[in-house]
Every structure is written in structure tokens, then in C-alpha cells.
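No sequence on hand, only this structure:
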């Protein structure tokens, strides 16, 4: 595990020499002391990224040349996949098969953006038809410059790849402020493949000590943030001061509408996957489940039965499907949210407490809440844990209204055997991502982002690359006659 920051192609101690304890959430044991960067380290990293962009070769390479580096990083991730997955488990708590899936997706993300980098060469300049034949014009795409990226702790390596891969593909340089350890390993792999110095810089540390100086730094051209709404507000306020480009992927309270012609067993499976994957620490988790009256009782009974069967344990233990939450703070917040739901009049149909049999670790039972009042925090606010709220509805119009009655709009899901209805409901849902007859499958090729307070902009797919590109118009006068406005 790394003890240094990665700045300007070098491993270095934080200038003020600080560290922070890394705790295994399954055992509550300190497993490492990671480097805690501060404003001084951020300044050094931004200075390196600025120099690499303004003076270095990276933005001047062809897309194909950058693609070779990205593919080499993807290969490096795959070579170390088993090791990286285990590191994610002891750092984050998630079950090993989930971590292994995440690491494979991270490698695939670098491969995908390598292909888009090559496409920048193939597409070249876009000619523009002008009404005045004396001029020829074209539009070209160029990298924005220095990108500052702040990523959360729930998908450490994968969230790093979602930002680093498209930024590098576009020709930007980057300062990455991650929350967890495996993102530092991206720096190690980038270093191994010979990425030019300063192109990628990684500074771990606390939000106010390292994150805030990054968003405030005047030499950063673009800010990309994934995390909470309050922090997102601070990011966009800082961006507004300097008119920085910004993209935000924030929280959610995503609804899942299940109509009474749905297959109950399939619905239960997708509800479980939609809320208990990664211990429910997923911004898009479908944590508000709306079930039509005709199947509500039967579905709830089966959901409770299957929820109680979920194997809880250390993410490295065979068969574990629900690991510990990431930290004591998160554990306390989720238990507090469950207690507040009880106080508001909700019923706990399953779970609702510390998982029995664990003397150590941040384990919470997978929890089902019913009858949560519509104005309660349990129904309206993101809990970010293995907690799902379930309620019934009668009509399609009622379901859509309940689903859209939220300040969030990241994701939503709908299940029905009626294809026309699912398409109609998908069109009516105010969310950036809508799943039909499933919940949570995520693809690098498709856009990711939300409506309302769930964010600004889109990641992944070609949209993710466009986050890091500027459009430049280049117009040439081709006519031979003089302009003749001032000089006749």
C-alpha cells in the first residue's frame, strides 16, 4: 500500500508530512497510514499538471498515441486485478466478487476511452457550411486543460477510471483527489507505462485540506466531482468564481415502480440488487420501491424472506453478499436514519439493527422500511446504506407522481410485462437514467448523470469525453477580393 503522493511523475511525501489511518471496516483494525495531502501538495500537483499541459507533449500527441498509453494502463490494471480487488475489499468492505467486477470495469473503461481517443483523429475537423462563400470554417475539438477531479469512497478504482480515462483521452492533464487507496495504484500503473510526468497527479487527503484547495485553485480549468449535494454546491460555487467548466454527479433517491403484471420473483431479485449491492452505498440505488396494490402483499412477503437469507460477513469470506459499511461514521448515520424512520411512524419489516454475531466491524442488517410517511427523511433523503423503503400504489399516474416527487433525479426503474406501459412510464420519469425490467446495470458506453439536484453534465460514453473537450471555430477568408470596409 502506498505511503506517498504521486506528483509530477514522482512519489513524494506530503509537504507537511501528515497521514491518516485506514481502517478495515470488517475488523475495525488500522491496516495502513495513507498520505494526507494539503493545499501545498495540491499546489505542487496543479503546477505540475499546468506545466505538462502548457509545455509538455501530452495535449499535442495524436489521439492514437494517447490511446496506446490508455490501453497499457488497462492491461496494467488487469495484470494486478486480483491484488487490486483484495485491496478494495479491506479498504472499502464490499464483497470480493463485487470488487473484482469493479476492477475489471475500470480496465474496460480505459480501453473504451482509448478507442474514443483514436476517434478524435479519425473525425478531425468538422466543416461548417457558411452563407458567405468568401469564407471557409471548421470546428475542432481541443482539450480543456488542467482538470481537477474529486471522487468518492464507494467505488474507489472505478470512479477514478470514470474521470481519468476520458480526461487523458481528450488530452487534458489531471489532479485527482481520491478518498481511498486503490486510486493511488492508478498512479503506479501510469508510472509503469511511462505516462509523461505531470499528466496525472494523485493527492489523497481530507476534503477541506486537499479537496477544497483543488476546487479553489485558479490554474484548474475544469472541475469534475462525484459525491454529496452539499459538497457539490461548494464545487459549483468555486467554479462560478473563476468561470470554470464543471460536471457534477451527486446524490439520488431513486424510485423503482413495479406494476402488478410483473413477475414477482424477478422483481424481488432486482429490488435486492438495486439496493443491497455495495451495501446500498450507491448514488443510483433504487431505495424507494413502489409496488402496485395487486401484488404488494405477495411481493413484500417474498422480499422479506429473501432479504433475511442474505449472507452478511467479511468481504473476503466465501459467499458473502453484504459486507460492512465503509466506516464508523457511515454506520452511525445509517442506524440513525433507521431510528428516525421508526420515530416518524414507519414500520421496519426486516433488519433495522446491527447484524447479530459480529462483535467488530460496521455491519448492519439489510433493512426494509414500510409505511414511511411521504414527508419523512426516510422516504425523501438519501440514506446511503442497505435500507429500502417500500410502499404501494394504485394507478400509473399515482406511481409516476410519487416517483417524481423528489429533489433528486439520478435514476429510476420500472417493471411491467406491458412494453408500451414501460416505455410510457420511462418517458414520464424525471431522471437521467431509467432502467426497464431491471435495476442498476451500468455500461461504460451509455451516458451517466442526473436531473435536478442529482447533478450537472454526463459521464461515460462519448458524453464523458466531451466533458474534457472545448470546441474551437477556425474560419479562413478564401476569397481573393479585398474586404473593403475601411480601405476602398
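Structure received. Source: prediction; values computed, not measured.

Skip the chain neighbours and tell me the closest residue to residue 263.
Sequence neighbours aside, residue 417 is the residue nearest to residue 263 in space, at 7.6 Å (criterion: C-beta to C-beta, 6 or more residues apart in numbering). C-betas here are computed from N, CA, C, even on glycine.

Regarding that neighbour, what are the backbone dihedral angles?
As for residue 417, its main-chain torsions (degrees, to the nearest 10) stand at phi -80, psi -10.

Now for residue 173: which residues touch it?
49-50, 52-53, 56, 58-59, 145-147, 167, 198-201 (C-beta atoms under 8 Å, 6 or more residues apart in numbering).

Identify the bridge partners of it.
residue 146 (DSSP bridges).

now do residue 141
residue 471.

Neighbours of it, how many?
19 (other C-beta atoms under 10 Å).

List the contacts of residue 157.
Counted by C-beta under 8 Å, 6+ apart, residue 157 has contacts 77, 84, 88, 102-103, 106, 182-183, 185-186.

Find the helix or strand that it is a member of.
helix 156-170 (DSSP states H and E).

what's the answer for residue 136, then?
With secondary structure defined by DSSP H and E, residue 136 is part of strand 135-143.

Only the buried residues of that strand, if you could.
136, 141, 143 (16 or more other C-beta atoms under 10 Å).

Report the separation between the residue nearest to the last one when sequence neighbours are not counted and residue 211.
Same thing as residue 143. Distances taken as C-beta to C-beta, 6+ apart put residue 171 closest to residue 143, at 3.5 Å, once the chain neighbours are dropped. Residue 171 sits 25 Å away from residue 211, going by C-beta to C-beta, to the nearest Å.

what comes up buried for the helix of greatest length in the chain?
If you go by DSSP state H, the chain has its longest helix at helix 96-123. Within helix 96-123, the residues that count as buried by 16+ other C-beta under 10 Å are 96, 98-100, 102-114, 116-120.

same question, stretch 10-28
Result for stretch 10-28 [16+ other C-beta under 10 Å]: buried residues 14-15, 18, 22-26.

Among the residues you listed, list the two that are farthest apart in space.
Distances among the buried residues of stretch 10-28 were taken as C-beta to C-beta; the most separated pair is 15 and 26, at 33.2 Å.

Spell out the residue ranges of the helices in the stretch 201-350 of the chain.
212-216, 229-242, 264-276, 293-309, 328-343 (DSSP state H, counting those that start in this stretch).

Is it possible to get the ones you listed out as JSON lines so that each row also shows mean pLDDT, mean neighbour count and distance to residue 176?
Below are the helices of the stretch 201-350 of the chain laid out as JSON lines (pLDDT from 0 to 100; neighbours: other C-beta atoms under 10 Å; distance: least, C-beta to C-beta, whole Å):
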{"stretch": "helix 212-216", "mean pLDDT": "96", "mean neighbour count": "22", "distance to residue 176": "9"}
{"stretch": "helix 229-242", "mean pLDDT": "94", "mean neighbour count": "16", "distance to residue 176": "15"}
{"stretch": "helix 264-276", "mean pLDDT": "98", "mean neighbour count": "20", "distance to residue 176": "29"}
{"stretch": "helix 293-309", "mean pLDDT": "98", "mean neighbour count": "16", "distance to residue 176": "37"}
{"stretch": "helix 328-343", "mean pLDDT": "98", "mean neighbour count": "16", "distance to residue 176": "22"}
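
Among the ones you listed, single out whichever gets nearest to residue 456.
helix 229-242 (7.3 Å).

what distance separates the strand holding residue 136 from the centre of its chain?
32 Å (C-alpha atoms, centre = their mean, to the nearest Å).

what's the angle between it and helix 96-123?
Interaxial angle, strand 135-143 versus helix 96-123 (axes from the mean of the first three to the mean of the last three C-alpha atoms, to 10 degrees): 160 degrees.

Give me the below-cutoff pLDDT ranges for the stretch 151-300 of the chain.
Judged by pLDDT under 70, the stretch 151-300 of the chain has no weakly predicted residues.

again, only using 80
180 (pLDDT under 80).

Quick check: the gap between residue 352 and residue 325.
14 Å.

Which residue is the nearest non-sequential neighbour of residue 59?
Nearest one to residue 59, counting by C-beta to C-beta, 6+ apart, is residue 171 at 4.0 Å.
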